[in-house]
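>>> Please work out how this folds:
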Amino acid sequence: MSRDSSSGRFGGSAWRRSKQEPKNRSFLRELPLLIGIALVLSLLVKTFLVQAFFIPSESMEQTLHGCAGCTGDRILVDKVSYRFGEPSPGDIVVFRGPSSWTPEAPPPNQGVLGRIGGFFGVPQASEKDFVKRVVAVGGQKVACCDRRGRVTVDGKPLDEPYIYENNPVKERAFGPVTVPEGRLWVMGDHRSASADSRAHVSDQFTGTISVDDVIGKAFIIVWPPTRWNFLGSGG
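Predicted coordinates:
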């Protein structure tokens, strides 16, 4: 009686193992497919919807934190909005710098894994990408300064509460520059540490950048957690 019972138990265990093993093998076969689908979806999101970026320099302090030679804030950039409209004054944009623009800070060495991660949307710092605030758009005339040292657009002074450590008034002068259609005049919020449109007025586009070179609009700081915050136009 006990032998039969023991056989039943052993037989039952073997039966359960035989049912589980095909399931485990099936999952292992499907795992590469699931990983591949996840990577493709990540690539599609990065290409068409949202992309993450590092802030490698101090040119947008204190709106965005960064430092030379290190990685600062991580931001997400909306790549959809500008498919249906163009950047507006006050927007914080990430763009591919013209050939005449040189990096403001060397990005940290990401290594092989970092470069692979960047292909699938992990935040990367690039010498070719810049983040600045749109100050004037095509057809507008931008200059500095009025009697209070403020930037003017079409003769009207801007209220810019986000400016950090600005230059003395006597060192702020530029323009006037009329922004060509399809181009943007951009400046960093840390005016005394930003090599922006002002630093490139002698190039063929008088310091402006093409709307077509804009990657997207920065809309949120996602890292570090203590810096989590939405970025609206105008700071």
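>>> can you map out the strands along the protein?
All strands of the chain, identified by DSSP state E, fall at 50-54, 74-78, 92-96, 129-137, 141-144, 151-153, 156-157, 174-178, 183-187, 209-210, 214-223, 229-230.
>>> what's the least confident stretch among those strands?
Per-stretch mean pLDDT for the strands of the chain is lowest at strand 50-54 (a mean of 85).
>>> okay, the angle between that strand and strand 74-78?
Interaxial angle, strand 50-54 versus strand 74-78 (axes from the mean of the first three to the mean of the last three C-alpha atoms, to 10 degrees): 150 degrees.
>>> residues of strand 50-54 that come out buried?
Of all the residues in strand 50-54, those buried under the rule 16 or more other C-beta atoms under 10 Å are 50-54. Every C-beta, even on glycine, is put in place using the N, C-alpha and C of the backbone.
>>> Let's have those in CSV, adding distance to Gly188.
CSV is the format used below for the buried residues of strand 50-54 (distance: C-beta to C-beta, whole Å):
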residue, distance to Gly188
Val50, 23
Gln51, 20
Ala52, 20
Phe53, 15
Phe54, 16
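>>> ok, those vs Ile215, which is closest?
Gln51 (6.8 Å; C-beta to C-beta).
>>> which one of the strands of the chain lies closest to Glu104?
strand 129-137 (7.5 Å).
>>> what about this structure, any weak spots by pLDDT?
Applying pLDDT under 70 to the chain flags residues 1-49, 67-71, 105-127, 234-235.
>>> For Gly85, the count of nearby residues, please.
7 (other C-beta atoms under 10 Å).
>>> how is this structure carved up into domains?
1-48, 50-230 (automatic domain parsing).
>>> okay, how far is it across the longest one, tip to tip?
Distance between the two ends of domain 50-230: 14 Å, counting by C-alpha to C-alpha, to the nearest Å.
>>> Begin at 586 from now on, thanks
Right, with 586 as the first residue, what we last looked at is domain 635-815.
>>> Relative to Glu671, which of the strands of the chain is closest?
Closest among those, using C-beta to C-beta: strand 714-722, at 7.1 Å.
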